[in-house]
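In: Provide a 3D model corresponding to the input given below.
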Amino acid sequence: MQLAAQAVSSAEPRVAAAAIDAARTYLDEVLLPALNAEEFTLFIAVNSVFSHPEGCEVMSVQHRRIRAMVSDLGKVADAARKADDLKAYERYLQPLLYGLYALIRTHLESEDEAYLPLLDEQLSESQVQVIVTNIGRVSASSMPGAEPGKAAH
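Out: Take a look at the predicted model:
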C-alpha cells in the first residue's frame, strides 16, 4: 500500500499503475480472503472463549471498513485508468492507500496482541491447529476464481 501511494506521486504513470495493480491484487487475493476466513474460524473461537456471540464485533466492524475502503480504491483506480490520468486522481488514491495500510496494520496487530494470546491460554494445541487449518481452507476457498466449497491448491 505504501509503495503504491508513493508511486502515485513520484513514479512514471506506468510504474504507478503497476504498483496500484499489485496492491489491489494483494487486497483481493490475500487480504480479503483472509478476513473472510477469520470471520468463519477465528472469530467463532474467540466468541466462544468470551462466551458472547459478539465478542469480536470491533474486529468485524474493522473488516467492514477495510472492505469498503478496498471497494473505494477499486472505483478510484478504475476511474484513473479509464481517464488515463493517475495524477488527476492522486488526491483520492494516496489517502486510500495510506489509510488502508494503517488500518490493515493496526487491525492485524490488534488481533495478534489481543486474540492470539487469549486463544493460546484457553484452547488446546490441537484446537488452535484446527483453527489455523480452517483459516487456510476458508481463505483459499474465498479467493477469486475458487470453486464454491472447494479449497484452492
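In: next, the spatially most central residue of the chain: secondary structure please.
Out: In the chain, the C-alpha closest to the average C-alpha coordinate belongs to residue 31, at a distance of 3.2 Å (Cα atoms, centre = their mean). The assignment at residue 31 comes out as helix when based on DSSP: H, G, I helix; E, B strand; the rest coil.
In: is it in contact with residue 69, as I believe?
Out: No: with contact defined as Cβ atoms under 8 Å, residue 31 does not count as touching residue 69 (11.0 Å). For every residue, glycine as well, the C-beta is placed using N, CA and C.
In: thinking again about what came up before, and the pLDDT for the residue nearest to the centre of the chain?
Out: For residue 31, the model assigns a pLDDT of 96.
In: how far away is residue 144 from residue 27?
Out: Residue 144 sits 11 Å away from residue 27, going by Cβ to Cβ, to the nearest Å.
In: likewise for residue 4?
Out: Distance of residue 4 to residue 27, computed by Cβ to Cβ: 10 Å.
In: and the two? which has more neighbours close in?
Out: Taking neighbours as other Cβ atoms under 10 Å, residue 4 and residue 27 compare with residue 4 leading, 27 against 22.
In: can you pull the contacts of that one?
Out: 16, 19, 20, 22, 23, 93, 97 (Cβ atoms under 8 Å, 6 or more residues apart in numbering).
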